[in-house]
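*Asks:* When you get a sec, could you give me coordinates for this:
(2 chains)
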Amino acid sequence: MMQKMTVKAGADRPEIRKVLMRVLAGIFVPIGLFSIFLLTQRQNPLTVYRALVMCFAGSKYNVGEIAVEMTPVLLAGMAALIPAKVGLSNCGGEGQLIAGCLTANIVGVYLCSGLPGVVGIPIMLAAAAAAGLLWAAIPLFCKMKLNMNETLTTLLSNYIMYKLVAYMVFGPIKDTAGNNYPMSARIAEQLRLPAFAGTRANVMIFAALFVVVITAFVFAKTELGFKLRTIGGNERAAEFAGFSVKKARCWAFLIAGAIAGLGGGIVMSSVEFQMREATAHDLGYLGFLATGIAGGSPIVSIFTSFLLSALSVCGTSLEITTGLRSSASTILMSVILLTIFGLGRGRREK
Amino acid sequence: MMNLIENFLLNTIRSGTPIMFALIGDLIGQRAGHISLSVEGAMLTGCCVGFAACYYTDNLLLAVLLAALAGAFVGFLQIHFNISCGADMFALALAINYFCSAVTNYFGASLISKSISGFGRIAIPLLSEIPLIGDAIFNQDILTYISYLLPIVVGFILFKTKIGTAIRTAGEVHQVAVAYGYNVRLLKYGAVMTAGILAAVGGVQLSCAYTMTWTADMAGGRGFIASALVILCSWKPGRAYMAAYLFGAAQSLQILFQLLAIPIPTNIVTMAPYVVTLIALAFISMNKNPSMPEELKKIGRPLEIQN
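*Replies:* So this is what the prediction gives:
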């Protein structure tokens, strides 16, 4: 599937080849570093890597799990990538995604519980996208009207969203039928996206891939994409050419928020069903980092998102098969990230 | 009522101290033209390393030194990958924070719910007897006393010494620093690694003097807040007192409301530090930021240092 898509976006193929080289080198260096770590932890690296590979492709269920994880990661990745293309940095995918997740739950439990799935699910997802958009609108306002640094405002707004969710699940939306645990009620059966047999995966992974391909297509092939790239590349040139820089930036940021929010809505209606304090945490950051190492290419971000999602899923199974704490896989993930940043742009420009 | 105010002041200072360290650290880095959002990760690492050292050796000096070493490493990752490898400053910082969170989660797992004796409070004779403020300000741990002096010392170094001028020049028009024969690369490495060191020491204060516990991801965005507060200070160390204790006060509201039995949900009150920081930033942004180091305005464009 990967290869087919690479061919489709042929326009930036040399770019992709370089980035892919980077990704490959970015796999072998961390494998070496992580092996050293494993040896210090009295683990046989070969056993651990075999366990990881077995997990990646071992069973239909695991592949499904990776698809489940990858869906919001891909969408959150686009939420970081689209604003980056027009020169804004959105580190708030995390908060926007959780805003969508929370809203989907509230809408699902309190408004749509009596509706059939074909009506209810789209309403939930639309509400989630709207919530992500609104949560992105706050830092956007701060940027456009008050000239505040959007990296900082989006990061801080993530923490505010964490607290807001905690407040909601401890208070207003706490399940009155539950045992006083801080969690919301579950959304009704018919509002849950049907999973493929034998897995928890559902059709939404294809929706997420579709969003990525559309993004790639718009940026690579259309006039709109050309305008947006000009704005990101040289603001002043874009203004001289008569492009409305402000308007484009606003729309890019809002659409990004909506995409992240949609990701949160999908998480709610496909696997979580109820809201807890830590529901959907870190998915937004994973998406941000996946595009961060993809060198601005949506297509490459499919690959990097897969890698990060797979490692995230397989951390748990690693704990079962080798007794290594699941946070070990996060170490491997972050070493991969740092290595790819280290291989970085510098070499390419020279 | 007296007790209440004393308690509020005490908590304001104690929770403001880690911010003070990270804030002053990142201020030095930003003066050299580099925003280190990785102070978040450095602080978390400092929390973990310091706590581990306190738990296993009970040697406070060792705790600070090891934490500082770890913080320097985090700072090194931040500046090296940015300057020498051309990685994006902010995305890189988030990756570093992710790395710090992963490593401390893994190695800190056995430290959860352990207790330490940590840093004791040292009362300064006479001064600590002053009513109302004496106990809050002059009956603190040693790291807090150091943090009182930090803005003054760093202000002196940055504005009155040769090396300080060199750092600031590297952050304004680095070509000038090059022309004067300074090694700009070295200056930037030094400044950003100092940011990591100070943030990590702030982390030691957080885990070994203030909370006396280790919990996963306990930095909780304090590093990001510190980074934001640098803007609130307009890059002037003297204003760090105002910024750090503003945050400390916002953080202490929770305890104040509890003592006063004001029925506001905890999770709403604990939003205060983040919201207060955002609002303060909004106010300062309405000025035109006259003292913003020039090189910070160029962030995002590749940095080419010739020397």
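*Asks:* Name the single longest helix found in chain A.
*Replies:* helix A:117-146 (DSSP state H).
*Asks:* Tell me which other helices or strands that one touches.
*Replies:* On a contact count with 3 or more C-beta pairs under 8 Å, 6 or more residues apart in numbering or on different chains; DSSP states H and E, helix A:117-146 meets helix A:93-110, helix A:150-170, helix A:245-267, helix B:272-285. C-beta: built from backbone N, CA, C; applies to glycine.
*Asks:* in the stretch 101-250 of chain B, which spans are helices?
*Replies:* Using DSSP state H, counting those that start in this stretch, the helices assigned to the stretch 101-250 of chain B run over residues B:134-138, B:142-160, B:162-172, B:174-179, B:184-205, B:222-232, B:240-260.
*Asks:* brain fart, chain A
*Replies:* Per DSSP H, chain A carries helices over the ranges A:2-8, A:13-40, A:45-57, A:60-85, A:93-110, A:117-146, A:150-170, A:204-221, A:223-233, A:235-240, A:245-267, A:283-292, A:298-322, A:327-349.
*Asks:* Output these in TSV, with mean neighbour count appended to each entry.
*Replies:* Listed next are the helices of chain A as TSV, based on neighbours: other C-beta atoms under 10 Å in any protein chain shown:
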stretch	mean neighbour count
helix A:2-8	12
helix A:13-40	15
helix A:45-57	16
helix A:60-85	26
helix A:93-110	29
helix A:117-146	21
helix A:150-170	23
helix A:204-221	18
helix A:223-233	17
helix A:235-240	13
helix A:245-267	25
helix A:283-292	28
helix A:298-322	22
helix A:327-349	21
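*Asks:* what's the closest of the ones you listed to B:T17?
*Replies:* Of all those, helix A:150-170 sits nearest to B:T17, with 19.8 Å by C-beta to C-beta.
*Asks:* can you tell me the average pLDDT over the closest one?
*Replies:* Here helix A:150-170 scores 95 as its mean pLDDT.
*Asks:* Any part of that helix near chain B?
*Replies:* Yes: against chain B, helix A:150-170 shows contacts by C-beta under 8 Å from any C-beta of the partner chain at A:151-153, A:155-160, A:163-164, A:166-167, A:170.
*Asks:* For A:F196, which of the helices and strands packed on helix A:117-146 is the nearest?
*Replies:* With C-beta to C-beta as the criterion, A:F196 lies closest to helix A:245-267 of the helices and strands packed on helix A:117-146, at 14.7 Å.
*Asks:* Farthest out from the centre of the chain, which residue is that? Tell me.
*Replies:* All of this refers to chain A. Relative to the centre of chain A, and counting by C-alpha atoms, centre = their mean, the farthest-placed residue is A:F240 at 34.8 Å.
*Asks:* try chain B instead
*Replies:* Among residues of chain B, the one most distant from the C-alpha centroid is B:A179; the distance is 32.2 Å, by C-alpha atoms, centre = their mean.
*Asks:* what number of residues lie near residue 114?
*Replies:* In the absence of a named chain, chain A is used. Other residues near A:G114 come to 8 when the count uses other C-beta atoms under 10 Å in any protein chain shown.
*Asks:* Chain B, not that one
*Replies:* Neighbours of B:K114 (other C-beta under 10 Å): 14.
*Asks:* next one: the one 10 residues further on
*Replies:* Applying other C-beta under 10 Å, we find 13 other residues in the vicinity of B:I124.
*Asks:* Tell me the confidence at the closest residue to it other than its chain neighbours?
*Replies:* Leaving out its chain neighbours, the residue that sits closest to B:I124 by C-beta to C-beta, 6 or more residues apart in numbering or on different chains is B:F138, at 4.3 Å. B:F138 is assigned 89 on the pLDDT scale.
*Asks:* Show me which residues of the stretch 151-300 of chain B are close to chain A?
*Replies:* Neighbours of chain A within the stretch 151-300 of chain B, by C-beta under 8 Å from any C-beta: B:220-221, B:224-225, B:227-228, B:231, B:265-268, B:270-271, B:274-275, B:277-278, B:281-282, B:285-286, B:300.
*Asks:* residues contacting residue 112?
*Replies:* Just going to use chain A. The contact partners of A:C112, taken as C-beta atoms under 8 Å, 6 or more residues apart in numbering or on different chains, are A:V119, A:G120, A:I123, A:M124, A:I187, A:A188, A:L191.
*Asks:* I was after chain B.
*Replies:* For B:I112, the contact set (C-beta under 8 Å, 6+ apart) comprises B:W214, B:T215, B:A216.
*Asks:* check contacts around the residue in the stretch 201-307 of chain B positioned nearest to chain A.
*Replies:* In the stretch 201-307 of chain B, the residue that lies nearest chain A is B:N267 (3.7 Å; C-beta to the nearest C-beta). The contact partners of B:N267, taken as C-beta under 8 Å, 6+ apart, are A:K163, A:L164, A:A166, A:Y167, A:F170, A:G171.
*Asks:* Show the low-confidence segments of the stretch 201-307 of chain B, by residue range.
*Replies:* Counting by pLDDT under 70, the stretch 201-307 of chain B contains low-confidence ranges at B:288-290, B:299-307.
*Asks:* just checking, A:V300 touches A:I16?
*Replies:* Yes: with contact defined as C-beta atoms under 8 Å, A:V300 and A:I16 form a contacting pair (6.2 Å).
*Asks:* Okay, the residue of the stretch 101-250 of chain B found nearest chain A and B:T45: tell me how far apart.
*Replies:* Residue nearest to chain A within the stretch 101-250 of chain B: B:A102 (3.8 Å; C-beta to the nearest C-beta). According to C-beta to C-beta, to the nearest Å, B:A102 stands 11 Å off from B:T45.
*Asks:* for the residue lying closest to A:G64 once chain neighbours are set aside, phi and psi?
*Replies:* Nearest non-adjacent residue to A:G64, counting by C-beta to C-beta, 6+ apart: A:T199, 2.6 Å away. Backbone geometry at A:T199, expressed as degrees, to the nearest 10, gives phi -140, psi 180.
*Asks:* Hmm, A:T199 is touching A:I205, no?
*Replies:* No: A:T199 lies out of contact with A:I205 (C-beta under 8 Å); the separation is 10.4 Å.
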